[in-house]
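1. Need coordinates for the following:
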Amino acid sequence: MIINSEDIKKKAMDLGFHKVGIAKASQTKREEEQLNKWLNNNKHATMEWIEKRKSERGNIFNYFSEAKSVISLGMNYYVGKNQSDLNSTFKFSNYAWGDDYHSIIKSKLFELLKFIKESNPGVKGLVCVDTAPVMEKVWAQRAGLGWQGKHTNLISKDYGSWLFLGEIIIDLDLEYDAPFEKDLCGSCTACIDACPTKALGEYELDANKCISYLTIEHRGDFLDGYDDLDGWIYGCDICQEVCPWNISFAEISKEEYFRPRAEILNKTDQNWIDIDQLDFSKTFKKSSAKRTKLSGLKRNIDHVHKAKN
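-> I've put the predicted structure just below:
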């Protein structure tokens, strides 16, 4: 039996995804031009991995020459809690309160690809999370999942922007969904106005000023003028917290993987200040927050602590 789009969508939902759509693999020349302009203006800061694979990111056929369809999927990770639920004044992005979403989503994507191959043994495909050189928000919009907001995150009408995204790129023609054509941000500038470091323009992020970049991706000491962390020691949720679509339509995820860890919720300011390698390894086992390593997290904590005193 040849598999169809509806079979794939049903299986995706059974696996725990909340949004799924399918787009025809095609050129993305306008988005590639925007990417190159963003890179040329050094808006990616020190994230050289984006620059190194820009030809693949900007043109899906440079990544997978036989691509015919892009299956875009979204998983809701909102847990119904915010920074006021932490036992500390230090702020910690809620996407990293639970288990590492990369491994969770990737394992589900591989299971979905296996399901597709069972009906189409000769099919070739690639599984992608946000570590792959794929413009995931572009493909999610083309697959009808939502639109890219002014804070640059994908927004869906039913879950807001609290979505982890993933893709399966395959060499199989399928039935395609209509792209999401509307921009439902309208005249709202809540995210832009709320950003304390002015990292956001309309639909563009300057990573040099972004607290998430500074606390996670930036290595070494902070540069003068690019060191306002606003109390955040890992990531930043401000632009999402103020988004009216999140305020009105966010739903609490039932996925146990994303439930907040007690080790994060219960830590006091002093616990964070005193964190050592043993505590770091225990707190962030199977967590994406390990990306900073202890040294990076300690740098952030020390910087925020000094700014408070």
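2. Only C-alpha atoms from now on, for both contacts and neighbour counts.
-> Fine.
3. What sits closest to residue 165 if chain neighbours are left out?
-> residue 74 (4.6 Å; C-alpha to C-alpha, 6 or more residues apart in numbering).
4. Just the element for the one you found, please.
-> strand 69-76 (DSSP states H and E).
5. Can you work out which other helices and strands pack against that strand?
-> Applying 3 or more C-alpha pairs under 8 Å, 6 or more residues apart in numbering; DSSP states H and E, we find strand 69-76 packed against strand 19-24, helix 136-142, strand 163-170.
6. Mind checking what helix or strand follows that strand in sequence?
-> strand 91-92.
7. contact partners of that following strand?
-> 83, 231, 232, 233, 234, 235, 236 (C-alpha atoms under 8 Å, 6 or more residues apart in numbering).
8. That strand pairs with which strands, and in what direction?
-> Using DSSP bridges, strand 91-92 pairs in its sheet with strand 232-234 (parallel).
9. From the chain's centroid, how far away is the partner strand?
-> Taking the mean of its C-alpha atoms, strand 232-234 sits 16 Å from the chain's own mean (C-alpha atoms, centre = their mean, to the nearest Å).
10. Just the residues contacting that strand, thanks.
-> 90-93, 211-212, 215-216, 289, 297, 300-301, 304.
11. got a winner among the residues you listed for most neighbours?
-> residue 211 (28 neighbours; other C-alpha atoms under 10 Å).
12. one step back: just send the helices and strands packed on strand 69-76 back as JSON lines, with mean pLDDT too.
-> Converted to JSON lines, these look like this (pLDDT from 0 to 100):
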{"stretch": "strand 19-24", "mean pLDDT": "98"}
{"stretch": "helix 136-142", "mean pLDDT": "98"}
{"stretch": "strand 163-170", "mean pLDDT": "98"}
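13. The ones you listed: which one's closest to residue 36?
-> Evaluated with C-alpha to C-alpha, the helices and strands packed on strand 69-76 place helix 136-142 nearest to residue 36, the distance being 14.8 Å.
14. any idea how far the closest one is from the chain center?
-> 12 Å.
15. Which strands and helices lie in contact with it?
-> strand 19-24, strand 69-76, strand 147-148, strand 154-155, strand 163-170.
16. Using PDB, write out every CA atom in the last one.
-> This file holds the C-alpha atoms of strand 163-170, laid out as PDB (Å, rounded to 0.1, in the frame of the first residue of the first chain):
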ATOM      1  CA  LEU A 163       6.200  24.900  19.800                       C
ATOM      2  CA  PHE A 164       9.300  22.800  19.100                       C
ATOM      3  CA  LEU A 165       9.700  22.200  15.400                       C
ATOM      4  CA  GLY A 166      11.000  19.200  13.400                       C
ATOM      5  CA  GLU A 167      11.000  18.100   9.800                       C
ATOM      6  CA  ILE A 168      11.300  15.000   7.700                       C
ATOM      7  CA  ILE A 169      12.500  15.600   4.200                       C
ATOM      8  CA  ILE A 170      11.700  12.800   1.800                       C
END
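17. Report the angle between it and strand 69-76.
-> Between strand 163-170 and strand 69-76, the angle comes out at 160 degrees (axes from the mean of the first three to the mean of the last three C-alpha atoms, to 10 degrees).
18. circling back: now for the contacts of strand 232-234: which two are most distant?
-> 289 and 304 (17.4 Å).
19. on that earlier part again, looking at the contacts of strand 91-92, state which has the most neighbours.
-> residue 233 (27 neighbours).
20. residues contacting the residue nearest to that residue when sequence neighbours are not counted?
-> Distances taken as C-alpha to C-alpha, 6+ apart put residue 300 closest to residue 233, at 5.0 Å, once the chain neighbours are dropped. Shown in contact with residue 300 (C-alpha under 8 Å, 6+ apart): 215, 232, 233, 234.
21. which stretch of helix or strand covers residue 300?
-> Residue-wise, residue 300 maps onto helix 293-308 under DSSP H and E.
22. Give me the buried positions along that helix.
-> 294, 296, 297, 298, 299, 300, 301, 303, 304, 305 (16 or more other C-alpha atoms under 10 Å).
23. and what of stretch 195-205?
-> 195, 196, 197, 199, 200, 204, 205.
24. And stretch 265-281, by the same measure?
-> 265, 267, 272, 273, 275, 280.
25. same check, this time on stretch 239-256
-> Result for stretch 239-256 [16+ other C-alpha under 10 Å]: buried residues 239, 240, 241, 242, 243, 245, 246, 250, 251, 253.
26. Show me those that map onto strands.
-> Judged by DSSP state E, strands contain none of the buried residues of stretch 239-256.
27. Identify, from the residues you listed, the entry nearest to residue 224.
-> residue 239 (23.3 Å).
28. In space, what's closest to the closest one - neighbours in sequence excluded?
-> residue 191 (4.4 Å).
29. how about the helices and strands packed on helix 136-142, which one is nearest residue 55?
-> strand 163-170 (16.7 Å).
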